[in-house]
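> Provide a 3D model corresponding to the input given below.
(one chain, ligands or ions: 1)
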Amino acid sequence: MEKKITDVEMEVTMSKELFRRELSGFKPYVQGKPIGAVQREFGLDRIEKLASNENHFGASPKAVEAIREDLDNLLYYPESYPHNLMSELAEYLGVPKEQITIGSGGEGLLWQIALSFINDGDEIVTANPTFDVYRIATSLLGAVTVTVPLRGQGYDIDGMLAAVTDKTKLFFLCTPNNPTGHIATSKEIDRLVRALPEGVVLVLDEAYYDLAAVRADFPRDNIRIISERPNTIVLRTLSKTYGLAGVRFGYTISSPEIAQRLAMVGPLFKVNRLAIAGASGALKDTEYRDFYVRENAKAIDDLSAYVLAKGWSHFPTYTNFMWIDSGLDSEVLFNELQKRGVIIRAGYLWGEQWRTYFRISTGRPEQMQFFKDKLDEILAEW
Ligand SMILES: Cc1ncc(COP(=O)(O)O)c(C=O)c1O
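Below is the predicted model of the structure:
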């Protein structure tokens, strides 16, 4: 009898040895539902997705223009090492281009980092809650994730240092942190740099760098650590302040040796033509970056006042999102908001201890007003 496709699929699913053993029981990244799916499910006209820390003011106009100009060249492969863009990035950052590696967003670079360093049985140390891709990318290669809870509204640097063993390969510190928005202070960074064993690679994820850099207490020059402590990688992205999340472009700054290794792993073409063009345009658009940073600060101040007026609390944020403790069950709140066309990120996804928290990204004033109106509507009936 001819087998139906479903039977074949079943057999493949059942033969566990076929796949990497790390895939059994593997917990992938939980992405929010796409806008279209929510729209269809609830029959809504308007959806505001404030769940992925995107720049709702749009993409950098100079990036868009540069992408348009390259549309006639789509038949050509991109340069795997785009010389002009590397020089532009080097100038933008004030570091030699040999220290820069580009990738398919910060996320793509986190996979390159995992591929370059992780052997089966290695450990990584990071905080909880933090960006889940550190665990995802490394555990697929057989690493064990050791997480250390926050202390109050900041990192427990001593606790994180105490979690380092001779198996630790990578130490991920997200600053500002996603989902909380808090930072590692200069004192904490100094302590870490002094105490972390040389053989552990320190990864400083600065995806929200531009938003934090305007704040007096954010250490703006973590790149300098690389010259003192070569096993250090600083990661950044153009997804946030330049509004290019859909294009996928990020970069790391490291020692030339690490940069060379990071560039070796993964696909040959990590960054596509449009991302190369867009990145080049974006780097000339610091005016747009500064505009967004200002607009975001206004949205954060306004959101903070709204949250505090409700008697709720939030973590100090150096980003384009806020980690809010409403005291309410975030799963219920998420569902109620989703039904009304607002998508946020519920705290319980980071663990039961965060059940009363939720994360919301900033948006344009009318989007924030829509969120407030819907939330007030829900609270009136709660
Ligand atoms: C802390 C952190 N790191 C890295 C990334 C990856 O950003 P992208 O892949 O869009 O460059 C994100 C995205 O939300 C993030 O929040």
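> Going by C-alpha atoms from here, please, whenever you check contacts or count neighbours.
Will do.
> how about Asn55, what does it touch?
The neighbours of Asn55, taking CA atoms under 8 Å, 6 or more residues apart in numbering as the test, are 239-243, 292, 362-363.
> how about a cut-off of 6 Å?
240, 243 (CA atoms under 6 Å, 6 or more residues apart in numbering).
> residues from this structure in reach of the ligand?
Within the chain, the positions adjacent to the ligand are 105-107, 131, 174, 177-178, 205, 207, 237, 239, 245, 249-250 by CA under 6 Å from any ligand atom.
> Show residues contacting stretch 152-170.
By CA under 6 Å, 6+ apart, stretch 152-170 touches 122-124, 148, 150, 200-201.
> Helices of the stretch 101-250 of the chain, start to end?
105-117, 133-139, 157-162, 186-195, 209-213, 225-228 (DSSP state H, counting those that start in this stretch).
> Quick one: the ones you listed as TSV, columns for mean pLDDT and mean neighbour count too.
Compiled in TSV, those are given as follows (pLDDT from 0 to 100; neighbours: other CA atoms under 10 Å):
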stretch	mean pLDDT	mean neighbour count
helix 105-117	98	22
helix 133-139	97	22
helix 157-162	98	16
helix 186-195	98	14
helix 209-213	98	21
helix 225-228	97	14
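> before we move on, back to that, what's the most distant pair in the contacts of stretch 152-170?
Greatest spatial distance in these: Asp122 and Leu150, 22.8 Å, computed using CA to CA.
> Among the two, which residue is more densely surrounded?
Asp122 (20 against 16; other CA atoms under 10 Å).
> excluding its backbone neighbours, what's nearest the more buried one?
Nearest residue to Asp122, sequence neighbours excluded (CA to CA, 6 or more residues apart in numbering): Ala143, at 4.8 Å.
> Tell me, how many residues neighbour the one you found?
Ala143, neighbours per other CA under 10 Å, totals 24.
> Kindly report the same for Glu65.
14.
> Which residue, neighbours along the chain excluded, lies closest to it?
With CA to CA, 6+ apart as the criterion, Glu65 has its nearest non-adjacent residue at 7.3 Å, and that residue is Gly281.
> tell me the pLDDT at Asn177?
For Asn177, the model assigns a pLDDT of 98.
> what's around it, how many residues?
Neighbours around Asn177, by other CA under 10 Å: 24.
> Tell me who's in contact with it.
Neighbours of Asn177 in contact, by CA under 6 Å, 6+ apart: none.
> how does it look with 7 Å?
130, 183 (CA atoms under 7 Å, 6 or more residues apart in numbering).
> And it, its phi and psi?
As for Asn177, its main-chain torsions (degrees, to the nearest 10) stand at phi -90, psi 140.
> and the gap between it and Leu268?
Note on Asn177: its distance to Leu268, by CA to CA, to the nearest Å, is 30 Å.
> One more: Leu328?
47 Å.
> With neighbour numbers in mind, choose between those two.
Neighbour count, other CA under 10 Å: between Leu328 and Leu268, Leu328 has more, with 14 against 11.
> Now do the phi/psi pair for the nearest residue to the more buried one once chain neighbours are set aside.
Leaving aside its chain neighbours, Leu328 sits nearest to Thr356 (5.0 Å; criterion: CA to CA, 6+ apart). With angles defined as degrees, to the nearest 10, Thr356 shows backbone torsions of phi -90, psi 0.
> count of residues packed around Thr356?
Residues near Thr356, counting by other CA under 10 Å: 19.
> quick one on the thing from earlier: distance to Val332 for the residues of the chain next to the ligand - can I get that in CSV?
Converted to CSV, these look like this (distance: CA to CA, whole Å):
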residue, distance to Val332
Gly105, 32
Gly106, 31
Glu107, 30
Phe131, 23
Cys174, 28
Asn177, 25
Asn178, 22
Asp205, 31
Ala207, 30
Thr237, 33
Ser239, 30
Ala245, 29
Phe249, 35
Gly250, 35
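> Out of the residues you listed, give me the one that has the most neighbours.
Thr237 (29 neighbours).
> Next up, the contacts around the nearest residue to it once chain neighbours are set aside.
Once flanking residues are discounted, Thr237 sits nearest to Gly250: 4.0 Å by CA to CA, 6+ apart. Applying CA under 7 Å, 6+ apart to Gly250 gives the contacts 102-106, 236-238.
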